[in-house]
Each structure stands twice: as structure tokens, then as C-alpha cells.
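*Asks:* kindly generate the corresponding structure for this input.
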Amino acid sequence: MMHRSEPKSRVEKLIKRSLHCSLQLSFPRRTPSEAPPTTPGIVFNIDGVLYNKLGALYQASQTLKYLQDMKIPFVFLTNRWRDTPSEGATWVRQTFDLTDISPTQYIHSPSPFATLAPHFSNELVLFAGLNPERAKSMGELFGFSNIITPGEVYSMYPEFYSGFVPLALTAPATSTTKIKAVFVFDNPKRPDQDKQLIVDLLLSKRGVVGTLSSKNGKRQLTNRGYQQHEQPRIWFGAALPFRDTLFEHVYEKTGREMINATTFGKPSPENFSLAETRLLEWHHQIHGADALKIDAIWMIGDNIETDILGANLYNLDGSHSMCSWKTILVSTGVYRPGMLSGRPTKYWPTLLSTGVWDVVQLALRQKEDQLWWMNGGGNWDEANSDN
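*Replies:* Numbers count the residues shown, from 1 in each chain. Next up, the predicted model:
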């Protein structure tokens, strides 16, 4: 365990010594068909841990292949989104030269949207983003059956959104358009237009385009009547700049903070909950009836604001987590020495390491995994020696 001050001397020496010892050893050897008494589970961030703009990071492919061979369950938890889960799994297979990566192992920032689809059944929902048609297709994959894009709204209501689309593309609505929910995948291509549409919906009566709620500004009502007339809820994926701008605009228009809005993506607990569920499902899929208890889930990331904070907070909230979560911070991405100085403990990782291969060794050699390690053929005394 690291002390709660920036590791500079003794702690760094201990880490280096641990890594030096680990590099002298081979991983425990057991056949893939053998299952340990307990097993760890691993959740990987991708960028900065396994991959950067130059390609796969050192030993990333080796690490993932090892985990596959040993049937140690792992999933990927990323804030990138433009790939579908199937496309993301294909990218992982090709980038790291792997086999048998399932789409269920690839969780991105808007993945929790899929859990909301059953709640809206045939209700009309608005999907916005940099590529609205792409967002709409993703929403259909998630199970939403009645989706509209901002551009379609502008075409249907040129009297409210004049100039938003060419006149030749307008097709005035023949019936009332009632939007039940708004999903923003990422920062829209035309943020000012989409911002106006969403604010209009927040001021509307029950989400009906072109209406204005009579409750707006009523001092005797909760929130002065704003967003109190069955207006649509809003969910955000990887759209933080747009979200922040929208919040500011809502406050400017109403003098009240945005309510009924949820942001997904790390460090959101919904994303960690989904990663945990997918990890446990994958564990049972690869082990079948022999699947044993996962004693710890290790979040391996490079960002203390998303990977480490998110996993730590999720672990602290025992009402959601089914397993104990631990964190490892790697120095191959955005993390730089000094970033932890003065930070509260919720930003601190369980362990700090230099690369993904060493990370996995450190995780598997923790005390609660000692029995697993020894049953797998590892030498615990040797692994923890000071030599």
C-alpha cells in the first residue's frame, strides 16, 4: 500500500524492487482448463494503459494473451464511444493480435444507455451527437425503437428553427411531437442549435415541441416551476464540454440549476457497475460450472480523475458493488509525478506501476490472491523476497 503522500523515495524504491523481482520470475503455469480456488478480475482502461497514438504499448499484447490463456476474466472500460461494441471488440482483436474478444467485454461511455431502453419502450427519444445518424444507429443497437435526431426536429418545425436546415429539406409535422428523453452521445457538430432545441424542450409542456410550460417561473412551485412539467430527462455520454455549456445556458435562462440530468462515462458509477456485471458474466461464460468467486476486481488506469476516482468511489458505495474493487495507476498515460500531491485519498490508487505487464503481476501477487498464485504454480516466497 502506498503512503498518502506523493511517492518519491522509499515507496518508489519498494515499487522498483517489486518490479525487479517480478521480472525475474515466470507467471504460474497451469493449463487453461484448470480453475483456481479464487480468481481476480481485471478491468482495463485502453488509452494510456494498453494503447497510445503510436499503437499498442509495450507488452500490452503479451499481457492480454496471458490473461486469455490463463482464463483470468477481463473487460475494457473506456470513455471513447464512436465504435459499436462489436466494432470495439474487433479493433481490440486486431490491435493486440488476440482471439475471442467478445463485444460484451467492450464497455464505453454510453454503454449504460442500453439499460434504459426498456424504460422507454415505444416512447419517442431524441439522440444527439457529433454524428446524429451514427448516434441513432447506436441507439437502435441499444434497443431503442423510436428515435428522432435534432435535424429531423428542425425539418419538422421550420417555424421554430428557421435556417437550421435548408428549406428544401423541411417536412412540416402533421401531428404533435412529444419527446420523452434526450440522449447526448458526444459533443454535437452544431452545439448552439442543439443547445437551443434541448433548452426549448426543458421549458416545454411534457416535452411537446413548440410548447411552453405554464409552470415556468412560478415562485410557489419547486425549482420555481422549471423542469416540473414532465419535461424529458437528459443523459450524457462523452459530451462534457457540451453538457457544461448547456448547464450554463439553462441557468442563464431560468436562474436555476439543471435537474434531471445524468452523466455516464468514467467516473460514473453506472459504468463501473456495468463493467462489473459484464466481467462476472464473462467469467461464468469462460469457466461455466467451474466458475469460482472473484475475490477482487482490479481497475487498471492512467487517469486519477476517471479510472482511479471512479473505481474507488464505486468500491466505497457498497450498495452497488458485488465485489471488492482495487486500483492500479500506470505511468504510461496521462499521469505524471506530482499529480497526487495534496489530493484526497479517493484519488489514490492501491498500487502504482510503470506498465501493464508489471501491473498484472502486482495485482496477482496481492495477499488475498496468494492461494490462487500458489495453486497456479507460483512461488510466493520467491515472489515476495527482497533479493
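
*Asks:* and stretch 96-105, what's buried?
*Replies:* By 16 or more other C-beta atoms under 10 Å, the buried positions in stretch 96-105 come out as F96, I101, S102, P103, T104, Q105. All C-beta spots, glycine's among them, are computed from the backbone N, C-alpha and C.

*Asks:* just how off-centre is it within its chain?
*Replies:* Offset of stretch 96-105 from its chain centre (C-alpha atoms, centre = their mean, to the nearest Å): 18 Å.

*Asks:* state the mean pLDDT of that stretch.
*Replies:* Averaged across stretch 96-105, pLDDT comes to 95.

*Asks:* can you pull the alpha-carbon coordinates of it into PDB?
*Replies:* Provided in PDB are the C-alpha atoms of stretch 96-105 (Å, rounded to 0.1, in the frame of the first residue of the first chain):
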ATOM      1  CA  PHE A  96      -3.400  -6.600 -29.900                       C
ATOM      2  CA  ASP A  97      -3.400  -9.800 -32.100                       C
ATOM      3  CA  LEU A  98      -5.900 -11.600 -29.900                       C
ATOM      4  CA  THR A  99      -8.700 -14.200 -30.400                       C
ATOM      5  CA  ASP A 100     -12.100 -14.400 -28.900                       C
ATOM      6  CA  ILE A 101     -12.800 -10.900 -27.700                       C
ATOM      7  CA  SER A 102     -16.500 -10.600 -27.100                       C
ATOM      8  CA  PRO A 103     -18.400  -7.300 -27.700                       C
ATOM      9  CA  THR A 104     -19.700  -7.800 -24.100                       C
ATOM     10  CA  GLN A 105     -16.100  -7.200 -22.900                       C
END
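
*Asks:* contacts for it, please.
*Replies:* Identification of contacts with stretch 96-105 by C-beta atoms under 8 Å, 6 or more residues apart in numbering yields 50, 56, 60-61, 64-65, 68, 74-76, 84-86, 88-90, 92-93, 278, 281-282, 285.

*Asks:* buried ones among those residues?
*Replies:* Using 16+ other C-beta under 10 Å, the buried ones in the contacts of stretch 96-105 are 50, 56, 60-61, 64, 68, 74-76, 84-85, 88-89, 92, 278, 282.

*Asks:* how about W282, secondary structure?
*Replies:* Following DSSP: H, G, I helix; E, B strand; the rest coil, the label given to W282 is helix.

*Asks:* before we move on, what about the one 4 residues further on?
*Replies:* Following three-state DSSP, we place I286 in the helix state.

*Asks:* for S109, see how far away it is.
*Replies:* 26 Å (C-beta to C-beta, to the nearest Å).

*Asks:* who's more crowded, the two?
*Replies:* S109 (25 against 17; other C-beta atoms under 10 Å).

*Asks:* ok, and the closest non-adjacent residue to that one?
*Replies:* G265 (3.3 Å; C-beta to C-beta, 6 or more residues apart in numbering).

*Asks:* try I46
*Replies:* What sits nearest to I46 in space, not counting adjacent residues and going by C-beta to C-beta, 6+ apart, is T78, at 4.6 Å.

*Asks:* what do you get for F247?
*Replies:* M258 (4.8 Å).

*Asks:* is it true that the one you found lies in a helix?
*Replies:* No. Judged by three-state DSSP, M258 forms no part of a helix; its state is coil.

*Asks:* from what I see, it and T245 are in contact.
*Replies:* No. If you go by C-beta atoms under 8 Å, M258 and T245 don't touch, sitting 11.2 Å apart.

*Asks:* of the two, who's got more company?
*Replies:* Between M258 and T245, M258 has the larger neighbour count (other C-beta under 10 Å), namely 18 against 15.

*Asks:* contacts only, for that one.
*Replies:* Counted by C-beta under 8 Å, 6+ apart, M258 has contacts L202, Q227, I234, L246, F247, V250, Y251.

*Asks:* for PyMOL, what selects the buried ones among these?
*Replies:* With 16+ other C-beta under 10 Å as the criterion, this PyMOL line picks the buried residues out of the contacts of M258:
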select buried, resi 202+227+234+246+250
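
*Asks:* ok, the contacts of M258 vs S273, which is closest?
*Replies:* Checking the contacts of M258 against S273 with C-beta to C-beta, the nearest one is I234 at 20.0 Å.

*Asks:* was I right about the closest one contacting V184?
*Replies:* Yes. Using C-beta under 8 Å, I234 is in contact with V184, at 6.9 Å.

*Asks:* which neighbours do those two share?
*Replies:* With C-beta under 8 Å, 6+ apart, I234 and V184 have common neighbours I198.

*Asks:* which strands and helices sit next to the lengthiest strand in the chain?
*Replies:* Counting residues, the longest strand found in the chain (DSSP state E) is strand 294-301. Judged by 3 or more C-beta pairs under 8 Å, 6 or more residues apart in numbering; DSSP states H and E, strand 294-301 is in contact with strand 39-44, helix 269-287, helix 309-316, strand 325-330, helix 356-364.

*Asks:* contacts for the second one next, please.
*Replies:* So the one you mean is helix 269-287. 35, 39, 41, 43, 71, 73-75, 77, 102, 104-105, 107, 109, 111-112, 115, 262, 264-266, 291, 294, 297, 299, 310-311, 313-314, 317, 320-323, 325.

*Asks:* what's I179 in contact with, if anything?
*Replies:* L124, V125, L126, I148, L201, G207, V208, V209, P232.

*Asks:* below-threshold pLDDT in this structure: ranges please.
*Replies:* 1-36, 367-387 (pLDDT under 70).

*Asks:* for it, which segments count as strands?
*Replies:* So, for the chain - with DSSP E - the strands run 39-44, 51-52, 55-56, 74-77, 106-107, 125-128, 147-148, 181-186, 233-238, 261-263, 294-301, 325-330, 351-353.
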